[in-house]
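Colleague: Quick one, structure for this:
(one chain, ligands or ions: 1)
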Amino acid sequence: MKKSIWVGTRGSRLAIAQTEIALAALRRAHPGVRFEVVTISTKGDVDKRPLFTMDEKGIFEKEVNEAVKKGEADFAVHSLKDIPSDLSEELVVACIPKRASPNDVLVNDKGQKLKELAPGSVIGTSSLRRAVQLTKYRPDLNVMPIRGNVETRVKKVISGEYGAVVLAEAGLTRIGMKDVIVERFSIRDFVPAPGQGAIAIVCRRDDKALIRMLGQIEDSRSRAEVLAERALIKKVEGGCRFPLGAVAVTNGDKITLYASVFSADGSRNIKVKKVGKASEPEKLGDKVAGMLVKQGAMEMAEGWRRAVDEWNRKL
Ligand SMILES: NCc1[nH]cc(CCC(=O)O)c1CC(=O)O
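Modeller: Below is the predicted model:
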């Protein structure tokens, strides 16, 4: 009897759905192999504080990747946007399958678009990036923190606790809840989080046979997009305490990177769009980072650090 390959994942509906998507592709490529799923709870599943209040990276990923390091799982399936760019030395993002839509969407059960929401409506998001972009278009709305799984957030809209929420189209689609989407924001007007819509498969760096196997479902265009976005956040302070939107789109041998950052008082918004070679995505990310820095992104990040520290003292 052949031995199984163990797959580590969080137990949320989205995490399981993503794992099943990755496994369906792997089973097509490797019909003889048996994969077994182990679910692992992470700090992000337990601690319900808004992410921007925690000065900590990888809260949705650490315990799962630890299991891979210890050999309790052979590989892990993650939302790429949830894993920090400085992954542990022993691990590698062995595979990025074909990315789903990176777009953010507006969700409510009344069919109201962003323009149509009543003044003062309560909009749920704990993402600074989403909050500042919502405020840009609708300063009259009441943006309030919300946590919990994707389906929990949708329920809070249906129950009337929130007038609407903003979520990733990819997540809603993967868990079969896309019928609550009212409006899909364009990536230029409402810039997504780096890595949004992409899945990352992480394994031990020395597990060469597995890396080869996972490579069968790699999508090189999705990899290039993510490399550009992550090269950018490496140079400009990323993480949940600075609202940085960044999304790359490949088109043939070209790649376009869109980025957007806001000052903490909302008075300034730097937006950059730049085209590069799809074969050199990190070069493009570096270049766009340089453009943002030149226009004051580092000072903006410092402003956010001060603002968030201030809120934390009040919380
Ligand atoms: N941190 C939560 C998280 N991580 C990944 C997704 C959605 C799926 C994706 O972006 O690939 C979500 C929920 C959301 O932002 O709506």
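Colleague: and the residue in the stretch 51-200 of the chain positioned nearest to the ligand, what is it in contact with?
Modeller: As assessed by Cβ to the nearest ligand atom, the ligand sits closest to residue 171 within the stretch 51-200 of the chain, at 3.0 Å. In short, each C-beta sits where N, CA and C put it, glycine included. Applying Cβ atoms under 8 Å, 6 or more residues apart in numbering to residue 171 gives the contacts 14, 79, 150.
Colleague: Looking at these, state which has the most neighbours.
Modeller: Using other Cβ atoms under 10 Å as the neighbour criterion, residue 79 leads the contacts of residue 171 with 24 neighbours.
Colleague: what helices or strands is the helix or strand hosting residue 272 leaning on?
Modeller: Taking DSSP states H and E as the definition, residue 272 sits inside strand 269-277. Strand 269-277 sits against strand 254-262, helix 281-294, with contacts defined as 3 or more Cβ pairs under 8 Å, 6 or more residues apart in numbering; DSSP states H and E.
Colleague: Show me the strands in this protein, by range?
Modeller: Here the chain has its strands, by DSSP state E, at 5-9, 35-39, 75-79, 91-95, 104-107, 122-124, 142-144, 164-168, 181-184, 199-204, 244-251, 254-262, 269-277.
Colleague: contacting residues for the residue nearest in space to the middle of the chain?
Modeller: Computing the C-alpha centroid of the chain and ranking residues by Cα atoms, centre = their mean puts residue 81 first, at 2.9 Å. Contacts for residue 81 (Cβ under 8 Å, 6+ apart) come out as 193-196, 198.
Colleague: can we see that at 6 Å?
Modeller: 193, 195-196 (Cβ atoms under 6 Å, 6 or more residues apart in numbering).
Colleague: The closest residue to it other than its chain neighbours: how many residues sit nearby?
Modeller: Counting by Cβ to Cβ, 6 or more residues apart in numbering, residue 195 is the residue found nearest to residue 81 once chain neighbours are left out, at 3.7 Å. By other Cβ under 10 Å, the residues close to residue 195 number 27.
Colleague: How about the one 3 residues further on?
Modeller: A count of neighbours around residue 198, defined by other Cβ under 10 Å, yields 24.
Colleague: Isn't it up against residue 99?
Modeller: Yes - here residue 198 reaches residue 99: they are 4.4 Å apart, a contact under Cβ atoms under 6 Å.
Colleague: Now for the two: what residues contact both?
Modeller: In contact with both residue 198 and residue 99: residue 222, using Cβ under 6 Å, 6+ apart.
Colleague: Could I get the contacting residues of the residue nearest to residue 81?
Modeller: Per Cβ under 6 Å, 6+ apart, neighbours of residue 195: 80-81, 226.
Colleague: If we check the ligand, which of those are in contact?
Modeller: Filtering these for neighbours of the ligand using Cβ under 6 Å from any ligand atom leaves residue 81.
Colleague: would you turn the contacts of residue 195 into TSV with pLDDT?
Modeller: Shown next, in TSV, are these (pLDDT from 0 to 100):
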residue	pLDDT
80	96
81	94
226	98
